[in-house]
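**Student:** My questions are about this predicted structure, shown below with the sequence.
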Amino acid sequence: MFKSKKYYALLLVLLVLVVVLPFVRDRKKYVTNSGVVWTTEYHITYEARADLNDSIQQLLNEIDGSASAFNKKSLVTAINEGRSNVADWLLLTLYGKALEVNLASDGLYDPTVMPLVNAWGFGYKSGQLPSEAVIDSILGYVGMNHTHVEGNKIIKDDARVQFDFSSIAKGLACDEIARMLARNGAINYMVEIGGEVVARGVNDRGEAWRVSVDMPLPDDENGAVHANAVMLRLDSLAVATSGSYRKFKEVDGKKVSHIVNPKTGRSETSSLLSVSIVASDCMSADAWATACMAMGLEKTQAMMEKKSELGVMTISVDDAGNYVVWSNKRFADVVE
């Protein structure tokens with residue numbers, strides 16, 4: 001009788017383990033993956049049943065092989081060099097978003113600015129600053145109007161046209177990684193690549209994702225200096241920031257910004273130090289942040305007062321050297 005009771009008790013324990021263990025093993029947990037891509041750090045945190053780092057790496061490699069102008073084997077490099085005109089879905093997605101923002105910004109966002117960026121020494125080439133004659137000659141083949149899409153091909157009407165999608169590639173990467181996480185059942189995640197962020201749901205404490213936007217402080221001899229300008233609460237939203245306060249060079253005692261106006265061909269210098277954009281997707285936020293830096297302070301504020309779907313915060317400096325922070329209502333709504 002004793003043995004029989006012991007047998008049934010053991011059987012019951014085994015039965016409970018068979019039923020419960022799969023649920024324990026299948027339980028979601030928060031995972032963080034981090035690393036370096038495109039010379040910048042990334043941090044991705046998500047709630048899932050498995051570590052999805054392999055899928056993240058696959059996406060990053062795919063985007064690099066498609067859209068990086070610094071990758072000699074990428075599709076965009078082949079197009080830039082005239083060896084091919086065939087694009088994949090990633091490159092066509094970037095082109096489509098670039099064209100959309102190009103038209104909406106009166107041409108002030110333009111990925112064909114690459115030859116001008118190179119001429120000013122901020123691309124993959126460096127050298128002396130360009131003369132007026134060099135700038136004018138390059139302007140003749142800068143502009144999305146020199147390109148169009150036919151099926152899966154990007155056609156250039158001038159062989160010298162070159163694309164640089166680096167201003168929105170990080171945004172695209174954030175969006176695509178977020179979609180991959182969602183496909184794998186994650187409803188809570190934050191994807192951050194070089195300061196561009198997509199967030200949804202809550203963190204591991206059950207709280208909304210909080211994202212800091214830095215003040216535009218220059219580097220010191222020890223590296224980048226960080227100070228919080230505002231804290232955002234994001235859910236199913238993205239934020240991207242563009243600025244001229246760290247990426248510049250000095251020529252004859254004057255700062256030369258990496259922001260090059262595609263219409264004038266000149267490096268932009270203005271009181272506008274940084275622009276942060278909140279949007280439903282990170283690629284749009286990325287593109288508009290770059291466009292606004294080329295627009296300057298007054299044009300940005302005038303346009304963004306009318307664009308209720310985008311949140312914007314500008315940080316500029318006045319004549320006395322004081323920081324001036326401005327935002328529209330859409331941006332203010334997500335400030336903590």
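**Tutor:** Now that the structure is in, tell me what you want to look at.

**Student:** how about Asp333, what does it touch?
**Tutor:** Counting by CB atoms under 8 Å, 6 or more residues apart in numbering, Asp333 makes contact with Gly311. Just so you know, the C-beta spots here come from the backbone N, C-alpha and C atoms, and that holds for glycine as well.

**Student:** how about a cut-off of 10 Å?
**Tutor:** By CB atoms under 10 Å, 6 or more residues apart in numbering, the contact set of Asp333 is Leu232, Arg233, Val278, Gly311, Ser327.

**Student:** For these, pick the one with the most neighbours.
**Tutor:** Neighbour counts for the contacts of Asp333 peak at Val278, which has 29 neighbours (criterion: other CB atoms under 10 Å).

**Student:** The contacts of Asp333: which two are farthest apart?
**Tutor:** Arg233 and Ser327 (14.4 Å; CB to CB).

**Student:** Tell me which stretches of the protein form strands.
**Tutor:** 29-37, 40-48, 147-150, 153-156, 189-193, 196-200, 209-214, 228-234, 237-243, 248-251, 254-257, 272-279, 311-317, 323-327 (DSSP state E).

**Student:** can you tell which of those is closest to Asn71?
**Tutor:** strand 29-37 (11.6 Å).

**Student:** Off-centre distance for the closest one?
**Tutor:** Centroid separation between strand 29-37 and its chain, computed with CA atoms, centre = their mean, to the nearest Å, is 17 Å.

**Student:** Please apply the same query to stretch 68-81.
**Tutor:** Distance of stretch 68-81 from the chain centroid (CA atoms, centre = their mean) equals 19 Å.

**Student:** Now it: buried residues?
**Tutor:** Ser68, Ala69, Ser74, Leu75, Val76, Thr77, Ile79, Asn80 (16 or more other CB atoms under 10 Å).

**Student:** residues touching the nearest residue to the second one once chain neighbours are set aside, list them.
**Tutor:** Put plainly, it is Ala69. Leaving aside its sequence neighbours, Ala69 sits nearest to Asp164 (CB to CB, 6 or more residues apart in numbering; 5.1 Å). Residues counted as contacts of Asp164 (CB under 10 Å, 6+ apart) are 67-70, 76, 80, 98, 110-118, 122-124.

**Student:** so Leu91 touches Thr77, yeah?
**Tutor:** No. Contact between Leu91 and Thr77 fails when scored by CB atoms under 10 Å: they sit 11.0 Å apart.

**Student:** tell me, what's touching those two both at once?
**Tutor:** With CB under 10 Å, 6+ apart as the test, Leu91 and Thr77 both reach Ala67, Phe163.

**Student:** where's Glu62 relative to Ala169, distance?
**Tutor:** 11 Å (CB to CB, to the nearest Å).

**Student:** More neighbours: which of these two?
**Tutor:** Neighbours around Glu62 and Ala169, counted as other CB under 10 Å, are more numerous at Ala169. The numbers are 26 against 15.
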